[in-house]
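K.L.:
Quick one, what's the 3D model for this:
(one chain, ligands or ions: 1)
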Amino acid sequence: MSQPAPLTTRRDVSFLASSQGLTLGETALPGPVRDPRADSLRRRYHDVFGGDELPVPVESIAEDLLGLAIHERELDGISGLLYPEKRQIYVNATDVPARRRFTIAHELGHWVCQCLEGRGATVMCRSEDVSPDTDRTLEREANVFGAELLMPESAVRQHGVNPEAPQLLGVSQLAYQWRLYSFDLAERPT
Ligand SMILES: [Zn+2]
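P.N.:
All right, here's what the predicted structure looks like:
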């Protein structure tokens, strides 16, 4: 007598989805929410320079590990600029520190995921591009990389909804909320 085929429950599907960094339902973020290139960059930095793991030393990763100079300027409606040939990043000096950190991580996403893969054009990132729900493919790739770089999954799962977590990681409340949401650990930010 044959065994009945195992049922695939919603819970199974939910587990599968979350194990791939996805969430179910209409509000799911499109595409992956993890980027192993960011993890390996962080590990490479600490192998060379050591130091505290959190908050992730994003400026030093850019300048000391990758040789990219960071400049702060007032930029109207722009969060950040990347000049690949000059190896320069410009960050909007009027943004708050957590935002500037995320912008640097985002520009590193453009550098690692796109420039090092052959795209050499200047990148100009509007404020709305440096946002977790952007729908532009290259911007989204840079955002996923930036989130992964600044908010390692192990740290996010360890701290969960701890209200001090954003400060520990040097990110905004909103960025942290999106990261929790991407792992199905919190509601979608409103
Ligand atoms: Zn961008």
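
K.L.:
any idea which helix or strand carries the residue nearest the centre of the chain?
P.N.:
Taking CA atoms, centre = their mean, the centroid of the chain lies closest to residue 147, which sits 1.6 Å from it. In the assignment (DSSP states H and E), residue 147 maps to helix 137-150.

K.L.:
Could you report the separation of the residue nearest to the centre of the chain from residue 131?
P.N.:
Distance, residue 147 to residue 131, using CB to CB, to the nearest Å: 11 Å. Every C-beta, even on glycine, is put in place using the N, C-alpha and C of the backbone.

K.L.:
Check residue 167 too.
P.N.:
Per CB to CB, residue 167 is found 21 Å from residue 131.

K.L.:
Compare these two and say which is more crowded by neighbours.
P.N.:
residue 131 (19 against 14; other CB atoms under 10 Å).

K.L.:
Could I get the contacting residues of residue 46?
P.N.:
With contact set as CB atoms under 8 Å, 6 or more residues apart in numbering, residue 46 has these partners: residue 53.

K.L.:
in which helix or strand would I find it?
P.N.:
Using DSSP H and E, residue 46 falls in helix 36-49.

K.L.:
list the buried ones in that helix?
P.N.:
Within helix 36-49, the residues that count as buried by 16 or more other CB atoms under 10 Å are 37-38, 41-42, 45.

K.L.:
Distance check, the residue lying closest to residue 75 once chain neighbours are set aside against residue 162.
P.N.:
Residue nearest to residue 75 in three dimensions, not counting chain neighbours: residue 92, with 4.2 Å by CB to CB, 6 or more residues apart in numbering. From residue 92 across to residue 162, the span is 29 Å (CB to CB).
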